[in-house]
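Novice: Quick one, fold the following:
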Amino acid sequence: MIDPYLSDSLAQKYAGTRYPHSRMMPPPVAADEIRHVDAVLATHAHTDHLDLGTLPPLLEANPDAVLVVPRASLAVAATRSGIAPGRLHGMDAGDELALPGLRIRAVRAAHERIERDGDGNHLFLGLAMRIGGATILHTGDTIPFEGQSAELAALGADLALMPVNGRDAERAAGGVPGNLTMEEAILLCRSAGIDALIAHHFGMFDFNTVPRAAVEAAARDSALAHAVAAETGLVYGLAQD
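Specialist: Here you go, the predicted model:
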């Protein structure tokens, strides 16, 4: 699993504020009902990606699962998850991690900008996962940055998952960092040689989303072989020639 947010912890945290973080849709499943997880991956430490309301029940229900996070977020991940140190793995951009049936490579991400901690570890990561002969790229929360397309092209990804809720001055002024627009995601896929895109990170919070219809229209008009807007309740398959 990648960046699971299956609780309402942010609505509780921000109740009565400018951005109450009320969910636009209920969680599709309870964290403790999921019993087939080998690894939980977090691209960064924002609570809708590394959730203290999701991780403890999810990891308790899957006692053999490991948690993979940015090295910069190891301390907060340990606190929020409550798992033993042996189940927690930290990565930085350029690192590779081999797990049973899965190889992960971390790349840079810029959630408005590239940030590092005092030890030089990146706060925001993208993760390329090699599994079953295919490479699936989750860019993490990001906007375009210099050198990004070449870095992603080197991964040889068959499918990309990219956040497309965009960004604007109002959200930035309110402390809400932005992401790619759908148009930028399509362009990034094309420049990185990735033929398939699942666009996500919209439809969760009303102050930080874009209309589904706009994402779907851009997907239809893209020059990519496959481009769709993520939808709960669907299972996506990746067929290889």
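Novice: pLDDT wise, what is the closest residue to Gly82 other than its chain neighbours at?
Specialist: Excluding the flanking residues, the one nearest Gly82 by C-beta to C-beta, 6 or more residues apart in numbering is Pro56, at 5.2 Å. (Glycine included, C-beta is placed from N, CA and C.) Reading off the confidence values, Pro56 has pLDDT 99.
Novice: element containing Pro56, please.
Specialist: helix 55-61 (DSSP states H and E).
Novice: Now the element after that helix, going C-ward?
Specialist: Beyond helix 55-61 on the C-terminal side, the first helix or strand identified by DSSP H and E is strand 66-70.
Novice: average pLDDT for the helix or strand that comes right after that following strand?
Specialist: Moving toward the C-terminus from strand 66-70, the next helix or strand (DSSP H and E) is helix 74-81. Helix 74-81 shows a mean pLDDT of 98 in the predicted model.
Novice: Return the alpha-carbon coordinates of the helix or strand following helix 74-81 using PDB.
Specialist: As assigned by DSSP H and E, the chain's next helix or strand after helix 74-81 is strand 88-91. Below are the C-alpha coordinates for strand 88-91, written out as PDB (Å, rounded to 0.1, in the frame of the first residue of the first chain):
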ATOM      1  CA  LEU A  88      10.700   0.200   9.800                       C
ATOM      2  CA  HIS A  89      12.900   1.000   6.700                       C
ATOM      3  CA  GLY A  90      14.200   4.500   5.800                       C
ATOM      4  CA  MET A  91      15.100   5.600   2.300                       C
END
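Novice: how about the helices of this structure, start to end?
Specialist: 9-13, 55-61, 74-81, 148-153, 169-173, 182-192, 212-221 (DSSP state H).
Novice: Same list (the ones you listed) but as JSON lines, adding distance to Gly140.
Specialist: Converted to JSON lines, these look like this (distance: least, C-beta to C-beta, whole Å):
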{"stretch": "helix 9-13", "distance to Gly140": "18"}
{"stretch": "helix 55-61", "distance to Gly140": "17"}
{"stretch": "helix 74-81", "distance to Gly140": "15"}
{"stretch": "helix 148-153", "distance to Gly140": "11"}
{"stretch": "helix 169-173", "distance to Gly140": "18"}
{"stretch": "helix 182-192", "distance to Gly140": "13"}
{"stretch": "helix 212-221", "distance to Gly140": "18"}
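Novice: No further questions, thank you.
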